[in-house]
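Visitor: One predicted model, sequence on top.
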Amino acid sequence: QVQLVESGGGLVQAGDSLRLSCVASGGTFREYTVAWFRQAPGKEREFVAGFKRYNSNPIYEDSIKGRFTSARDNAKNTLYLQMNSLKPEDTASYYCAADRTIISSSLRDHRHWDYWGRGTQVTVAS
């Protein structure tokens, strides 16, 4: 069973950047499909970016393309999310997720993921 711990959140101004990290332990990282989700107050958890297992090509949600980039480092068991040109609407708790058996068609649906971190808060002031 994999454990996930996110870090890097904080309070920033609009236009600033942040880099989030998610460190995994307890499993073979490359064997997992991994992803970033975010959840704003009163809203459903939404997919941000992810990588299929054994794959280094990121998948992005359309709304963040061009501003956010993600990377996975299997040697360090770490998933990253670089967020640039942050907007107030990016304010949310950001969560790391992992799963060994999730299928492609379910990647964007938070209900299908097995393992979650506790999240890190990102607040963007206008």
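Guide: That came in fine, so what should we check first?

Visitor: Pick out the residue closest to the middle of this protein.
Guide: By CA atoms, centre = their mean, the mean C-alpha position of the chain lies nearest to residue 36, the distance being 1.6 Å.

Visitor: how close does it get to residue 4?
Guide: 11 Å (CB to CB, to the nearest Å). Bear in mind the C-beta positions are built from the backbone N, C-alpha and C, glycine included.

Visitor: what's residue 9 in contact with, if anything?
Guide: 18, 20, 93, 94, 120, 121, 122, 123 (CB atoms under 8 Å, 6 or more residues apart in numbering).

Visitor: Same question for residue 35.
Guide: 47, 48, 49, 50, 51, 96, 97, 98, 107, 113.

Visitor: you'd agree the fifth one is up against residue 72?
Guide: Going back to what we said before, that points to residue 51. Yes: the criterion here is CB atoms under 8 Å, and residue 51 meets it with residue 72 at 5.0 Å.

Visitor: okay, and the common contacts of these two?
Guide: Contacts common to residue 51 and residue 72, judged by CB under 8 Å, 6+ apart, are 34, 79.

Visitor: re earlier: okay, and the common contacts of residue 36 and residue 4?
Guide: Common neighbours of residue 36 and residue 4, counting by CB under 8 Å, 6+ apart, are 22, 96, 97.

Visitor: Please report which of the residues you listed has the highest neighbour count.
Guide: In terms of neighbours by other CB atoms under 10 Å, the shared contacts of residue 36 and residue 4 top out with residue 96 at 28 neighbours.

Visitor: helix or strand for that residue, which one?
Guide: strand 92-99 (DSSP states H and E).

Visitor: tell me how far the helix or strand following that strand is from the chain's mean position?
Guide: Going down the chain from strand 92-99, the next helix or strand is strand 115-116, by DSSP H and E. Distance of strand 115-116 from the chain centroid (CA atoms, centre = their mean, to the nearest Å) equals 11 Å.
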